[in-house]
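> A structural model of the following input is requested.
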Amino acid sequence: MPKVFYSQPDGTEKAVDGSVGDSVMQTAVRNGIAGILGQCGGVLSCATCHVFLAEENSDQFAPVSEDEDEMLDCAAVDREENSRLSCQLVLTEGQQVRVTLPEAQL
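Model prediction:
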């Protein structure tokens, strides 16, 4: 079972068990994680699920696609090298994923 660790901007962290095949965004929304809105439902048409992916997890996911890259330019908080849209981070068996949420999504 995958596990996702969500760190808030103030440093508090919440660990949540995920399901294989679900995204980091779906897992957050289902578990009431503050700071991930996912307004488009995960169809890559907004940037309200912007997160900063921990370096140790960067090679566990496909690289940023062209569409994701464009949407990250629309994020409320300036993107960083490790910025990702959490709807594009699909969980696999046994993963332990760490993300930090930005100060704002809108």
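
> Val29 - nearest residue in space that isn't next to it in sequence?
Distance criterion Cβ to Cβ, 6 or more residues apart in numbering; nearest residue to Val29, sequence neighbours excluded, is Gly38 at 5.1 Å. C-betas here are computed from N, CA, C, even on glycine.

> what mean pLDDT does stretch 20-39 have?
Summarised as a single mean, pLDDT over stretch 20-39 is 96.

> report the distance from it to the chain centre.
The chain centroid and the centroid of stretch 20-39 are separated by 8 Å under Cα atoms, centre = their mean, to the nearest Å.

> can you dump the C-alpha atoms of that stretch in PDB for me?
Extracted as PDB, the C-alpha positions of stretch 20-39 are listed here (Å, rounded to 0.1, in the frame of the first residue of the first chain):
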ATOM      1  CA  VAL A  20      -2.400   1.900  -6.100                       C
ATOM      2  CA  GLY A  21      -3.600   3.700  -9.300                       C
ATOM      3  CA  ASP A  22      -4.900   6.800  -7.400                       C
ATOM      4  CA  SER A  23      -3.100  10.100  -7.700                       C
ATOM      5  CA  VAL A  24      -1.600  12.100  -4.900                       C
ATOM      6  CA  MET A  25      -4.300  14.700  -5.600                       C
ATOM      7  CA  GLN A  26      -7.200  12.100  -5.300                       C
ATOM      8  CA  THR A  27      -5.700  10.800  -2.100                       C
ATOM      9  CA  ALA A  28      -5.500  14.300  -0.600                       C
ATOM     10  CA  VAL A  29      -9.100  15.200  -1.600                       C
ATOM     11  CA  ARG A  30     -10.500  11.900  -0.200                       C
ATOM     12  CA  ASN A  31      -8.700  12.500   3.100                       C
ATOM     13  CA  GLY A  32      -9.500  16.200   3.600                       C
ATOM     14  CA  ILE A  33      -5.900  17.400   3.200                       C
ATOM     15  CA  ALA A  34      -6.000  21.200   3.400                       C
ATOM     16  CA  GLY A  35      -4.300  23.000   0.600                       C
ATOM     17  CA  ILE A  36      -5.000  20.700  -2.400                       C
ATOM     18  CA  LEU A  37      -8.200  21.800  -4.200                       C
ATOM     19  CA  GLY A  38      -8.100  19.800  -7.400                       C
ATOM     20  CA  GLN A  39     -10.800  21.900  -9.000                       C
END
